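>>> Task: produce atomic coordinates for the following.
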Amino acid sequence: HSAPKLFDVLSDKIIEELDIFNSQSLANTVSAYAKMRHSAPKLFDAISHKAVEIIDTFNSRDISSIVYTYAKVGHSSPELFDVISHSAIKKLNTFNSQDIVNTVWAYAKVGHSSPELFDALSHNAIKKLNTFNSQDIVNTVWAYAKVGHSSPELFDALS
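Residues are numbered from 1 along each chain as shown. Here you go, the predicted model:
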């Protein structure tokens, strides 16, 4: 992109002001940096810590968006993924098909093991399979295969 210095300055300012950010602001910020392909590891670390602090305020979209973005840019944050795993399980009934797909894809992409999350998401996915498009199905199967997580009920429902 054409303004790397601007993004660096913004990154520092965002870190200073993280206390005023809510879950959606955190997810949107990392997404914007990812879309601009601007590396900001210090910012991503700070946002990860803030997200862990306010995880109970995250909705399903914020959860799936933030883990998807961290996976997409390859930024490791095991603590964030651990905390989000537990939070996501509590909020599964609010996950739509895209939230499910993005979440399992992200965990598989970074190689973060969370059998409990994958079990819970597979049960939820089965209930919502009629809302999955073909790409959602492919990405879900890939994620389960990538982490080596067996889910016979899900795979039977998909076939």
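>>> what residue lies at the spatial centre of this structure?
Val67 (2.0 Å; CA atoms, centre = their mean).
>>> Hmm, Phe81 and that residue touching each other?
Yes: with contact defined as CB atoms under 8 Å, Val67 counts as touching Phe81 (6.4 Å). C-betas here are computed from N, CA, C, even on glycine.
>>> before we move on, the earlier item: for the residue nearest to the centre of the chain, which non-adjacent residue is spatially closest?
Closest residue in space to Val67, ignoring its immediate chain neighbours: Ala106 at 3.9 Å, by CB to CB, 6 or more residues apart in numbering.
>>> for that neighbour, helix, strand, or coil?
helix (DSSP: H, G, I helix; E, B strand; the rest coil).
>>> how about Ser150, what does it touch?
Neighbouring residues of Ser150 by CB atoms under 8 Å, 6 or more residues apart in numbering: Tyr144.
>>> Helix or strand for it, just tell me which one.
Ser150 is part of no helix or strand, with elements assigned from DSSP states H and E.
>>> how about it, phi and psi?
phi -80, psi 130 (degrees, to the nearest 10).
>>> Give me the pLDDT for it.
Looking at Ser150, its pLDDT reads 90.
>>> Where does pLDDT dip in the chain?
1 (pLDDT under 70).
>>> can you map out the helices along it?
Using DSSP state H, the helices of the chain run over 4-16, 23-35, 41-53, 60-73, 78-90, 97-110, 115-127, 134-147, 152-158.
>>> who touches the residue nearest to Val67 in this structure?
Ser64, Val67, Tyr68, Tyr70, Ala71, Lys72.
>>> Ok, Trp142 next?
Trp105, Ala108.
>>> Could you measure from it over to Phe95?
18 Å (CB to CB, to the nearest Å).
>>> centre of the chain versus stretch 14-25, how much separation?
Relative to the centre of its chain, stretch 14-25 is centred 18 Å away, using CA atoms, centre = their mean, to the nearest Å.
>>> first to last residue in it, what's the distance?
10 Å (CA to CA, to the nearest Å).
>>> from now on call the first residue 36
Shifting the count to begin at 36 puts that one at stretch 49-60.
>>> For it, which outside residues touch it?
Outside stretch 49-60, the residues that touch it by CB under 8 Å, 6+ apart are 61, 64, 77-78, 81-82, 85-86, 89, 92-94, 97.
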